[in-house]
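A.B. asks: Here is my input, please return the structure:
(chains A and B)
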Amino acid sequence: MYVAVKGGERAIDAAHAWLAEERRGDTAIAELSVAQIRAQLALAVNRVMAEGSLYDPDLAALAIKQARGDLIEAVFLIRAYRTTLPRFGASRPIDTAAMDLSRRISATFKDLPGGQILGPTFDYTHRLLDFALMAEGEAPMTPDRAAAPPESAPPEPAPHVTEMLNREGLIQTEAASDAVPPDLTREPMELPATRPLRLQALTRGDEGFVLSLAYSTQRGYGRTHAFVGELRIGAVAVEMDIPELGFAVQIGEVEVTECETVNQFIGSKTEPPQFTRGYGLVFGQTERKAISMSLVDRALRWKELGEDFVGVPAQDEEFVLMHADNVQATGFLEHIKLPHYVDFQSELELIRRLRAEALQLNEAAE
Amino acid sequence: MTDQAYNFAYLDEQTKRMIRRAILKGIAVPGYQVPFASREMPMPYGWGTGGVQVTAACLTPVDVLKVIDQGADDTTNAVSIRKFFQRTAGIAVTEATQEATIIQTRHRIPETSLTTGQILVYQVPIPEPLRFLEPRETETRKMHELEEYGLMHVKLYEDIARHGTIATSYDYPVKVEGRYVMDPSPIPKFDNPKLSDSPAIQLFGAGREQRIYALPPYTNVVSLDFDDHPFQPSKAPHDCDLCGAADSYLDEVITDDQGGRMFVCSDTDFCRSRRAAGHVGRLGSAAVEASE
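C.D. replies: Residues are numbered from 1 along each chain as shown, chains lettered A, B, ... in the order given. Alright, predicted model coming up:
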């Protein structure tokens, strides 16, 4: 016999309690600390900061812990937190040319001022499970760092590769602008979008989505012939103008990954043959995302460069921007598990009626 | 018990002001979708973040809030949203439609007629009635600007050509004051007539899609149809098995695996108050239900 469902509130409380218990897991195993996540799962922390649009490794680590390692859930926690924060103002543009580099590679020049710095990368590791890690031994030492004397000379300046190409006019110059960029988190998305808005949407977009779009351009769905002109990772100072002081002060430091692609371009009706650029800039060491972003950025620039729209997803601004956000996507996708009794009921009636009419017609015909 | 860590009704005052501006614009241009800078809320997109933001912007400390999902006050998401506002705004809540000053709803309009001064807030998943005919926002906005709704009529006509009837049973498009075609949110088309000439303010919030739209009181709202195929609201051809109501929208409840089923009011408050007033349906028992 049907009784009206009154257990909603109790069910929710019980579900939350069960979730908390599952999150903690086996209490015989030591609890994971936020500091451990921050230090040892740094790439997960980076992804959460990038897609959460909030540079705070401690909170990102907390979100990962609370979300039981579900990174999209962690991104959501960060977003919901950041949206409540007041705005003090805007920083000065960060100067990535003055980055304190931990990694810097160019796929277009063998050597270049500032040199190539391989940095902490998986690139040339053999993907063999390291069972020594399972044995939880001592932390490995970086041989050089252990032996080498502390650095004394300041590092050689490492100007952007694209700037070197630009000196010959080989690559298109980006028009400088002092216009206040739109803020995706404070204004509704407006289409057609400007490039600053596109870049904002891409840098906080889902890594998997942006990766797949970039990959699709490589496989022929809007090919842009990209070379990684430069990929650099490191810390940059964040400076802010303080009106009361009349000058800018450094308020912090963020780690970012910057990727500039150099793309073949045979010229168009409006532009002479010249290399063009795609740009990616993402919080933390997140090079897969930064490279993907620069490929998609380049593909989206077809209009300003006078290329043809060939109808591929990566060229389609509305398609890319409206579907890149994983917090929006996961919410709408998962909401279909909420009750839809009412709508389904109206569909049931419609189908029953249509079927009854169709069956009647069939009978009449026989 | 208000959570002091957050502003009244969660959102900061600047955000509320931004949302109120969008609401006022929506009321000034009935049926027009106003873009607004939707915030991430502490519940996921798709769970009613648009409605929650609209409610948060409308709430005052003296308001009495009712939250329903599928017509019911006790569905998990309705419970969750009600608790959210109890916690962040400390306002009074009710299940009685007449007592509420603000009603947030998902997929239903209450059976009890609304009155002057009440606000009905709808949660909207896809605010654009033309979306499934034209996926591009840049195009659909142009179509609204030019009042170019031929595509919608073609769709409804094709339904008739194929099925002999308009095969849209919920989310049924309406025209507002002879101007904008509007998505009434996924309410069953049974509820569509209640949209028109309502004494209450009706506000629609779509969080993920960043749109707010509105129907001021006594707005004329017409469900799209053809002269020879007039709009017909529909419901299950039964009476409520608990309260006997013949004119309310019904949920079908499967009672066993032998095809047994019963029909009950989807509006739980309506059903409960009818049973309290002594109405008994086919399977109801007045005494037990009324004492609940």
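A.B. asks: now A:Glu307, what's its secondary structure?
C.D. replies: Recorded secondary structure, A:Glu307: coil (DSSP: H, G, I helix; E, B strand; the rest coil).
A.B. asks: give me the number of residues near it?
C.D. replies: Under the neighbour criterion other CB atoms under 10 Å in any protein chain shown, A:Glu307 is assigned a count of 20. Glycine gets a C-beta too; all of them are placed from N, C-alpha and C.
A.B. asks: how about the nearest residue to it once chain neighbours are set aside, what does it touch?
C.D. replies: Spatial nearest neighbour of A:Glu307, excluding adjacent residues (CB to CB, 6 or more residues apart in numbering or on different chains): A:Ser268 at 6.0 Å. For A:Ser268, the contact set (CB atoms under 8 Å, 6 or more residues apart in numbering or on different chains) comprises A:305-307.
A.B. asks: ok, A:Ser268 to A:Gln274 distance?
C.D. replies: According to CB to CB, to the nearest Å, A:Ser268 and A:Gln274 sit 10 Å apart.
A.B. asks: can you point me to the longest helix in chain B?
C.D. replies: Across chain B, the helix with the greatest residue count (assigned by DSSP state H) is helix B:13-28.
A.B. asks: Then B:Asp251 would be within a strand, right?
C.D. replies: Yes: the assignment for B:Asp251 by three-state DSSP puts it in a strand.
A.B. asks: can I assume it is in contact with A:Tyr341?
C.D. replies: Yes: using CB atoms under 8 Å, B:Asp251 is in contact with A:Tyr341, at 5.2 Å.
A.B. asks: of those two, who's got more company?
C.D. replies: Set B:Asp251 next to A:Tyr341 and count neighbours by other CB under 10 Å: B:Asp251 wins out with 23 against 19.
A.B. asks: which residue sits closest to B:Ala236, ignoring its sequence neighbours?
C.D. replies: Leaving out its chain neighbours, the residue that sits closest to B:Ala236 by CB to CB, 6+ apart is B:Leu250, at 4.5 Å.
A.B. asks: Can you pull up the residues of the stretch 101-250 of chain B that come close to chain A?
C.D. replies: B:106-108, B:125, B:136-138, B:163-165, B:167, B:169-171, B:186-190, B:208, B:210, B:234-236, B:249-250 (CB under 8 Å from any CB of the partner chain).
A.B. asks: filter those residues to the buried ones?
C.D. replies: Buried by 16 or more other CB atoms under 10 Å in any protein chain shown: B:106-108, B:125, B:136-137, B:167, B:169-171, B:186-190, B:208, B:210, B:235-236, B:249-250, out of those.
A.B. asks: Out of the residues you listed, which sit inside helices?
C.D. replies: Secondary structure from DSSP H places B:Glu137 of these in helices.
A.B. asks: just to revisit the earlier point, could you confirm whether the helix or strand just after the longest helix of chain B reaches chain A?
C.D. replies: Next helix or strand after helix B:13-28 toward the C-terminus (DSSP states H and E): strand B:34-35. Yes: using CB under 8 Å from any CB, strand B:34-35 reaches chain A at B:Pro35.
A.B. asks: in the longest helix of chain B, what counts as buried?
C.D. replies: Of all the residues in helix B:13-28, those buried under the rule 16+ other CB under 10 Å are B:15-16, B:18-19, B:22-23, B:25-27.
A.B. asks: likewise stretch A:265-280?
C.D. replies: A:265, A:274-280.
A.B. asks: and those as CSV, adding pLDDT?
C.D. replies: Shown next, in CSV, are the buried residues of stretch A:265-280 (pLDDT from 0 to 100):
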residue, pLDDT
A:Phe265, 75
A:Gln274, 85
A:Phe275, 89
A:Thr276, 90
A:Arg277, 92
A:Gly278, 95
A:Tyr279, 97
A:Gly280, 98
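A.B. asks: How far off centre is stretch B:19-31?
C.D. replies: 17 Å (CA atoms, centre = their mean, to the nearest Å).
A.B. asks: for stretch A:196-205, same thing?
C.D. replies: Offset of stretch A:196-205 from its chain centre (CA atoms, centre = their mean): 8 Å.
A.B. asks: ok, now stretch A:200-217?
C.D. replies: Counting by CA atoms, centre = their mean, stretch A:200-217 comes out at 7 Å from the chain centroid.
A.B. asks: how about it: buried residues?
C.D. replies: Buried-residue list, stretch A:200-217, by 16+ other CB under 10 Å: A:200-207, A:209-211, A:213-214, A:216-217.
A.B. asks: Tell me the bridge partners for B:Tyr123.
C.D. replies: Quick fix: residue B:123 reads Gln, not Tyr. Note on B:Gln123: beta-bridge partners by DSSP bridges are B:Gly205.
A.B. asks: how much space between the residue most central in space within chain B and chain A?
C.D. replies: Per CA atoms, centre = their mean, the C-alpha nearest to the average position across chain B is that of B:Tyr122, at 4.0 Å. With distances taken as CB to the nearest CB, to the nearest Å, B:Tyr122 is found 13 Å from chain A.
A.B. asks: dump the residue contacts of that residue.
C.D. replies: Per CB under 8 Å, 6+ apart, neighbours of B:Tyr122: B:51, B:105-106, B:184-185, B:187, B:202-205.
A.B. asks: returning to what we had before: does the residue nearest to B:Ala236 have beta-bridge partners, and which?
C.D. replies: B:Leu250 has these beta-bridge partners by DSSP bridges: B:Cys265.
A.B. asks: Roughly how far does it sit from A:Leu128?
C.D. replies: B:Leu250 sits 62 Å away from A:Leu128 when distances are taken as CB to CB.
A.B. asks: A:Thr261: what secondary structure?
C.D. replies: strand.
A.B. asks: how about it, what does it touch?
C.D. replies: Going by CB under 8 Å, 6+ apart, A:Thr261 touches A:224, A:226-229, A:277-280, A:291, A:294-295, A:298.
A.B. asks: and A:Gln36, how many neighbours does it have?
C.D. replies: 13.
A.B. asks: tell me the SS of it?
C.D. replies: Classification of A:Gln36 using three-state DSSP returns helix.
A.B. asks: Do you know the pLDDT at it?
C.D. replies: On pLDDT, A:Gln36 comes in at 97.
A.B. asks: Roughly how far does the residue of chain B positioned farthest from its centre sit from B:Glu252?
C.D. replies: Distance from the C-alpha centroid of chain B peaks at B:Gln258, with 33.8 Å (CA atoms, centre = their mean). Relative to B:Glu252, B:Gln258 is positioned 15 Å away (CB to CB).
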